[in-house]
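Participant: Provide a 3D model corresponding to the input given below.
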Amino acid sequence: TNTGTTNIASTGNITSLTGEGIDALSFDGDISISSNGNIDAFSSDGIRAETQFNGNISVTSTGDIYAFNDGIDVDTNIGTATVNSSGNITAIFADGINAYTVDGDITITSTGNVTSYFADGIDATTSDDDNITINSSGNISAYGYGIITNTPTGTTTITSTGDITSYFEDGIRSTSTTGDITVNSSGNITADDEGIDVDTTSGNVAITSTGDITSFVGDGIQADSVTGTVSVSSNGNVTGFVDGIDAYSLTGNVTVTSTGDVTGQNGDGIQADSVSGAVSVSSKGNVTGYNEGIDAYSFSGNVTVASTGDVTGQNGDGIQADSDTGAVSVSSNGDVTGFIDGIDAYSRTNSVTVNSTGNVTGQNGNGILANSQYGTVAVTSNGDVSGLIDGIDAYSQTNPVSVTSTGDVTGTTGEGIDASSLYGTVSVTSNGN
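Facilitator: All right, here's what the predicted structure looks like:
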């Protein structure tokens, strides 16, 4: 139709051999499609709806859809796009659900399983300052991305409760220039690339995952923002071919909370970095990294690491926490093992505090290395500490240094405890061997 509203209501099954199952095209007018039967489209889309100028599009489908191309394809120039699907969708050469607007919000609700053999499961893209909302409770299996979204300046919210499998891309991929992105995932994610990959330039990033995540060539979870805050909360086990969890912001605060086991097979278990924002890592499960177990860094912000599970750095430090001008605090209740240092905490101008109740081992370096040029240094250790060089090495150039140890401390080629300050007081209390 050229103008006016288009309404299509179908209650029976549809089979198309040469075209779309349902096809609605409007130049200037709303489109509403309701389909309650199964659709088989052997050479094109299951449902296709397009407005070329103005018009909102609403598609509701309760039956199963099998399509040669897109299962559901919605395109509008100026107008909203809404898709509600409760049946299973199978797409061969295109997306399970594809929604695109030049200027309009996108809302997709899918409760059935979505499968794409050669493209993406769910794809939502806007070209303006529009919001994207995706709610998916079925399982998604895709050759490409499980879920992929992009909006330049709008807000993106993705909620997924089913399992997601991507054979050649990310499980969930969401990007924006200035918009906030929120991802809530409670199903298991298995992906060839990143399990969850979120990037925004100036928006905030918040990821909450309660299922297990496995990545075969990328990170388990990757979350990046240039100027916004980044928050990652993971309650399931996370395994990344590179990093288990990688969270970064140039100027915003970065927070990582993990209660499950985290493994970075060729990178760090958990990597959290910011140039000028505060960095906080809280880990309750075991963390293993091919390099560092936990690597937390900020140039000018405070760095806090709290770990209650075992932490292992197979080729680096168990825990590395550094800041140039911010305060650094490390609290570890589990065993920490590093190929170099067990715990390495450093600040150039601010205080360094290390509290450890588990055993700490630095296989080729120090058990605990805590240094600051111009800040106070305090180390408290209640477990056994051993290092190939020093057991505990605590140093400040200008400020007080204190070391309290109740466990055994061993420095194989150096000192058991080496505490020193050029201009500050030094206090050492040791109740172990």
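
Participant: if I pick Thr410, what's in contact with it?
Facilitator: If you count contacts by Cβ atoms under 8 Å, 6 or more residues apart in numbering, Thr410 has them with Gly367, Asp384, Val385, Ser386, Gly387, Gly391, Gly416. Backbone N, C-alpha and C define where each C-beta goes, glycine included.

Participant: Of these, which belong to strands?
Facilitator: Under the assignment DSSP state E, these contribute Val385, Ser386, Gly387 to strands.

Participant: just curious, which of those is nearest to Ile134?
Facilitator: Val385 (48.6 Å; Cβ to Cβ).

Participant: that older thread, which of the ones in strands among the contacts of Thr410 are buried?
Facilitator: Among the ones in strands among the contacts of Thr410, those classed as buried by 16 or more other Cβ atoms under 10 Å are Val385, Ser386, Gly387.

Participant: Mind pulling the model confidence for Phe27?
Facilitator: As predicted, Phe27 sits at a pLDDT of 89.

Participant: That one reaches Phe53, doesn't it?
Facilitator: Yes - the pair Phe27 / Phe53 is scored as a contact, 5.6 Å apart, by Cβ atoms under 8 Å.

Participant: Quick one: residues contacting Gly37.
Facilitator: Gly37 touches Ser10, Thr11, Gly12, Asn13, Ile14, Gly63, counting by Cβ under 8 Å, 6+ apart.

Participant: Now the third one. Nearest residue, chain neighbours left out?
Facilitator: This points to Gly12. Nearest non-adjacent residue to Gly12, counting by Cβ to Cβ, 6 or more residues apart in numbering: Gly37, 4.6 Å away.

Participant: quick one: which helix or strand includes that neighbour?
Facilitator: Using DSSP states H and E, Gly37 maps to neither a helix nor a strand.

Participant: Please shift the residue numbers so they start at 26 in all later answers.
Facilitator: With 26 as the first residue, the last one maps to Gly62.

Participant: how near is it to Ile39?
Facilitator: Using Cβ to Cβ, to the nearest Å, Gly62 is found at 6 Å from Ile39.

Participant: can you check Thr382 too?
Facilitator: 65 Å.

Participant: One more: Gln290?
Facilitator: 47 Å.

Participant: got the contact list for the residue nearest to the spatial centre of the chain?
Facilitator: The centroid of the chain falls nearest to Ile246 when counting by Cα atoms, centre = their mean (3.3 Å). By Cβ under 8 Å, 6+ apart, Ile246 lies in contact with 219-221, 232, 234, 238, 257, 259, 263, 265, 269-272.

Participant: Just the closest of the contacts of Gly62 to Ile189, please.
Facilitator: Using Cβ to Cβ, Gly88 is the member of those that lies nearest Ile189, at 22.9 Å.

Participant: what kind of secondary structure is that closest one in?
Facilitator: coil (DSSP: H, G, I helix; E, B strand; the rest coil).

Participant: That one contacts Asp65, correct?
Facilitator: No - here Gly88 does not reach Asp65: they are 10.2 Å apart, not a contact under Cβ under 8 Å.

Participant: Mutual contacts of the two, please.
Facilitator: What both Gly88 and Asp65 touch, as defined by Cβ under 8 Å, 6+ apart, is the set Asn38.

Participant: of those two, who's got more company?
Facilitator: Shown here are Gly88 and Asp65; by other Cβ atoms under 10 Å, Gly88 has more neighbours (22 against 17).

Participant: And the more buried one, how far from Thr115?
Facilitator: 12 Å.

Participant: now do Asp130
Facilitator: Asp130 sits 27 Å away from Thr115 when distances are taken as Cβ to Cβ.
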